Every structure is written in structure tokens, then in C-alpha cells.
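Chemist: build me a structure from this.
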Amino acid sequence: MVKKHSRRFDKAQGMVDRAKRYIVQEGFELLKSLPGPKFDESVEVAVRIGIDPKKTDQLVRGSVSLPKGTGKTVRIAVFADGEKAEQAKAAGADFVGAQDLADKIEGGFTDFDMTIASPDMMRFVGKLGKVLGPQGKMPSPKAGTVTPNVADAVREFKAGKIEFRTDAGANVHAAIGKKSFAADDLVSNLVAFVDHLRTLRPSQAKGSFIRKVTVSTSMGPGLQLAIE
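Modeler: Numbers count the residues shown, from 1 in each chain. Prediction:
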């Protein structure tokens, strides 16, 4: 059965030339003009990169601070104890704990967006891979979410730092703002994201690294941007 889109989506899709690669500023101005729902949609980017996703040494994962923030409230769970736990709470962490937090997550609690852990807490976090891994919430040194400076990490992610990683199709996805953002601010966030991706190019990657850049709102059609 073919899924039907809403009239609003069909109207928005009719305003987008799917064969065109839009200049970045033009693309975001068009994106902002598309009809959408009454709530403030997220603006999302998907970047196809030139790697072989079947080879683990070519997978890309990391984090980057967006200069204009994300416009989203991020709920953070932190694994820390003692002074570090108190510092994480003061920095704005939503949930802080050690064995008690691990037990809570094993019991089904996942009402948070990301996890940060002090390295000495990985003995508790390691066994949560089956729960946190599929949700993309498993902390990682590469993403800056396993760190001795948990309070600094909390402040950075609350202020607009985002995590990302390659999917099975060699794409990297990220939310880079809200539809209510000025087009210039969305451009700034996109450029920061793509420029950072370029710095993570694996030495084994061949040919063009940034292959395709598509942006969309969370409930709207995608449009391609001309980024080399």
C-alpha cells in the first residue's frame, strides 16, 4: 500500500526542484518558506560521505559545536560520582548517578537524549550497550561524551554541541536548528558541521568525500544544496 502524504507536504514538495542543487543561502530561504505544521520544526541535514560503511576503520563519528545552537532542549544523563557528580548537576545535567543510574536504565528508563560518562564510570556503562547502543545514546570518547571533564561536556552540549555518526548507507545525519532560525544562522550551523566533517575524513576514503548534502524540516521534503 502506497503511503499518502498530506496536502501540505504535497504542496511543499511541489515548490522544490528535486533535480536542482540550491545555493546554500537560497536553499534555506526556500526551506523556511515551505508550508508546514503549526509547531516549530527542526531543520535536519543528511550528508552522504565517500566511505565504505562496511569497513569499521572508515566509519565517522564525532561531535561539533554549532555556532548558533540547536534551538532544542537536550536532556542529559551523566555517569559520575562524588565531586564530578555535583559539578555535573551544577552544569545542568538532568540525571546523574553511577550504579543506581545504570540499574534504572536497565529497568527501562531512557527518558533522556544523550549520555555523558566519566571514564571511571564505564564499568557501569559498558553493560548498557544493548539498551543505549540502538538508540544512539552510548557514550564514546570520539564523540566527546566519555570525558573526565563531565561538567564542561554538559555545558557544551546544552549550548548547542551535537553528536553524529555514520549510518549503514554512508550518511551522517544531524539536527542543525529550527525552522524559526534566520536563514543566515542555519547557513552558519551547516557550514560549521560540514567543515568539521571534512576534518574527520579517513585516510582510506577515496575520491570526493562530501558527496551529497540534503536539508529538510522534520516533516517536509528534502532539497539538495550545492556544497563541494
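Chemist: just how off-centre is the longest helix anywhere in the chain within its chain?
Modeler: For the chain, the helix that runs over the most residues, judged by DSSP state H, is helix 183-199. Distance, stretch centre to chain centre, for helix 183-199: 13 Å (Cα atoms, centre = their mean, to the nearest Å).
Chemist: may I see the buried residues of that helix?
Modeler: Buried residues in helix 183-199, counted by 16 or more other Cβ atoms under 10 Å: 183, 185-190, 192-194, 196-197. From N, CA and C alone the C-beta is placed, and that goes for glycine too.
Chemist: how about stretch 152-171?
Modeler: Neighbour-count burial for stretch 152-171 flags 153-158, 160-166, 170-171 (criterion: 16+ other Cβ under 10 Å).
Chemist: what's the farthest-apart pair in those?
Modeler: Farthest-apart pair in those is R155 and A170; separation 32.2 Å (Cβ to Cβ).
Chemist: contact partners for the residue most central in space within the chain?
Modeler: Central residue of the chain (Cα atoms, centre = their mean): A174, 3.6 Å from the mean position. By Cβ atoms under 8 Å, 6 or more residues apart in numbering, A174 lies in contact with 44-45, 162, 164, 193.
Chemist: what sits against V131?
Modeler: V131 makes contacts with 105-106, 110, as judged by Cβ under 8 Å, 6+ apart.
Chemist: of those, buried ones?
Modeler: Neighbour-count burial (16+ other Cβ under 10 Å) is assigned, among those, to I105.
Chemist: in helices, which of the contacts of V131 fall?
Modeler: 105-106.
Chemist: reformat the buried residues of helix 183-199 as JSON lines; add distance to G222 and pLDDT.
Modeler: Formatted as JSON lines, the buried residues of helix 183-199 follow (distance: Cβ to Cβ, whole Å; pLDDT from 0 to 100):
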{"residue": "A183", "distance to G222": "17", "pLDDT": "97"}
{"residue": "D185", "distance to G222": "20", "pLDDT": "97"}
{"residue": "L186", "distance to G222": "14", "pLDDT": "97"}
{"residue": "V187", "distance to G222": "17", "pLDDT": "97"}
{"residue": "S188", "distance to G222": "20", "pLDDT": "96"}
{"residue": "N189", "distance to G222": "17", "pLDDT": "97"}
{"residue": "L190", "distance to G222": "14", "pLDDT": "97"}
{"residue": "A192", "distance to G222": "20", "pLDDT": "96"}
{"residue": "F193", "distance to G222": "16", "pLDDT": "96"}
{"residue": "V194", "distance to G222": "16", "pLDDT": "96"}
{"residue": "H196", "distance to G222": "21", "pLDDT": "95"}
{"residue": "L197", "distance to G222": "18", "pLDDT": "95"}
